[in-house]
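Enquirer: The following comprises the amino acid sequence and a computationally predicted model.
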Amino acid sequence: MAKSNTPQTLMAATKSAINKAKYHTTQEKKDLAIKLLTQLMSEVEALEIVKPKAKSAKPKNINKMTKAQLIELINKG
C-alpha cells in the first residue's frame with residue numbers, strides 16, 4: 001500500500017511517534033513522543049465541556065392522549 005501525502009492529525013502523529021519510540025528506541029524518538037504527548041494533553045485540557053440538551057416534555061403520540069392530557073399540554077405550552 002502506498003503512503004499518501006495527506007497531513008497527519010495530532011492524534012495519529014502522537015500514536016506513530018509512541019510506537020516508534022516503543023519498538024525502535026532512540027533518544028530523538030523518545031523526545032518527539034513526549035513533545036507530541038504534551039501537545040495532545042494541552043489540547044484535551046482546553047476542550048470545553050458541553051452540557052446535554054434538555055429533553056422535550058412533549059409526548060410523541062398526541063393521538064393516544066386523553067382530553068385532560070391534551071388540555072394540560074396546551075396550557076403548559
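Expert: Arrived safely.
Enquirer: How about the helix ranked longest in the chain, which residues are buried there?
Expert: For the chain, the longest helix by residue count, based on DSSP state H, is helix 27-45. By neighbour count on 16 or more other C-beta atoms under 10 Å, the buried set for helix 27-45 is 29, 32, 33, 36, 40. Just so you know, the C-beta spots here come from the backbone N, C-alpha and C atoms, and that holds for glycine as well.
Enquirer: Dump those residues into CSV; add pLDDT as well.
Expert: Output for those, formatted as CSV (pLDDT from 0 to 100):
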residue, pLDDT
29, 94
32, 94
33, 95
36, 94
40, 93
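Enquirer: If we only consider the residues you listed, which is nearest to residue 52?
Expert: residue 40 (25.6 Å; C-beta to C-beta).
Enquirer: since we're on the closest residue to the closest one other than its chain neighbours, how many residues are nearby?
Expert: Excluding the flanking residues, the one nearest residue 40 by C-beta to C-beta, 6 or more residues apart in numbering is residue 14, at 5.1 Å. Taking other C-beta atoms under 10 Å as the criterion, the count of residues near residue 14 is 20.
Enquirer: Now tell me what touches the helix or strand harbouring residue 14 from outside.
Expert: Using DSSP states H and E, residue 14 sits within helix 10-23. By C-beta atoms under 8 Å, 6 or more residues apart in numbering, the residues outside helix 10-23 that reach it are 8, 29, 30, 32, 33, 36, 37, 39, 40, 43.
Enquirer: I appreciate the help and will end here.
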